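1. Can you look at this prediction? I've put the sequence above it.
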Amino acid sequence: MAKTKHIIPKLPSILPSGSRETSFFEQVYAVARQIPKGRVTTYGAIAAFLGAKKSARMVGWAMNGAHSQIIPVPAQRVVNRNGMLSGKANFATPTLMEELLAQEEVRVEKDAIIDFHQKFWDPAKELTID
DNA sequence: GCATTGACGAAGG
DNA sequence: CCCTTCGCCAATG
């Protein structure tokens, strides 16, 4: 154990479809919940961390159901690989995603996160699957 | 049950 | 550099 690592909690069923335990969606939510306030990650990074590098789209789809989760999922901290708020239209209001980020000291300009590289948080480097 | 649609991303032209 | 295609796969028509 060379560096600091966190554990991904295996949460009880919280899937919209009432699926069992550790489904892909649930794992996505678990990872998203570990994103530190003020940091952001990408759909692809989460997918890669979960061993499904080519399923970034599914991560995006999973986020679509984030709002209905009992335990909150900070969906505003997940953006596309260019640091753009590609999912903002899916929030309650077109400006909510940006507003939530603003509250976390993450600035956005023209739908793009300022200093994205600096804010980027890579689950593959910070998490360990328990 | 086939076709289309994506909060994606890499590759090819 | 921009546009298209393709892989991925759940949801929707």
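-> Yep, that arrived.
2. Right, and DNA strand B sits closest to which residue of chain A?
-> Using CB to the nearest atom of the strand, the point where chain A gets nearest to DNA strand B is residue A:87, with a distance of 1.8 Å. C-betas here are computed from N, CA, C, even on glycine.
3. contacting residues around that residue?
-> Residue A:87 sits next to A:60, A:63, A:75, A:78, A:79, A:97 when contact means CB atoms under 8 Å, 6 or more residues apart in numbering.
4. Break down chain A into its strands, ranges please.
-> Ranges of strands in chain A, per DSSP state E, are A:6-7, A:41-42, A:78-79, A:108-109, A:112-113, A:127-128.
5. Return the distance of the residue nearest in space to the middle of chain A relative to residue A:42.
-> Taking CA atoms, centre = their mean, the centroid of chain A lies closest to residue A:32, which sits 3.6 Å from it. In this structure, residue A:32 lies at 11 Å from residue A:42, with CB to CB, to the nearest Å as the measure.
6. is it true that residue A:102 touches residue A:114?
-> No. In terms of CB atoms under 8 Å, residue A:102 does not count as a neighbour of residue A:114; the distance is 10.9 Å.
7. got any residues that touch both of the two?
-> Shared contacts of residue A:102 and residue A:114, defined by CB under 8 Å, 6+ apart, comprise residue A:108.
8. Quick check: buried residues in stretch A:77-86?
-> Of the residues in stretch A:77-86, those scored as buried under the neighbour-count criterion (16 or more other CB atoms under 10 Å) are A:77, A:78, A:79, A:83, A:84, A:85, A:86.
9. picking up where we left off before, what's near enough to touch the residue nearest to the centre of chain A?
-> With CB under 8 Å, 6+ apart as the criterion, the residues that contact residue A:32 are A:41, A:46, A:63, A:66, A:73, A:74, A:75, A:77, A:78.
10. any idea which of those is closest to DNA strand C?
-> Checking the contacts of residue A:32 against DNA strand C by CB to the nearest atom of the strand gives residue A:63 as the nearest, at 12.2 Å.
11. The closest one - how many residues pack around it?
-> The local packing count at residue A:63 equals 21, with neighbours defined by other CB atoms under 10 Å.
12. and it, what does it touch?
-> Contacts were defined as CB under 8 Å, 6+ apart; by that measure residue A:63 touches A:28, A:32, A:43, A:73, A:75, A:78, A:87, A:90.
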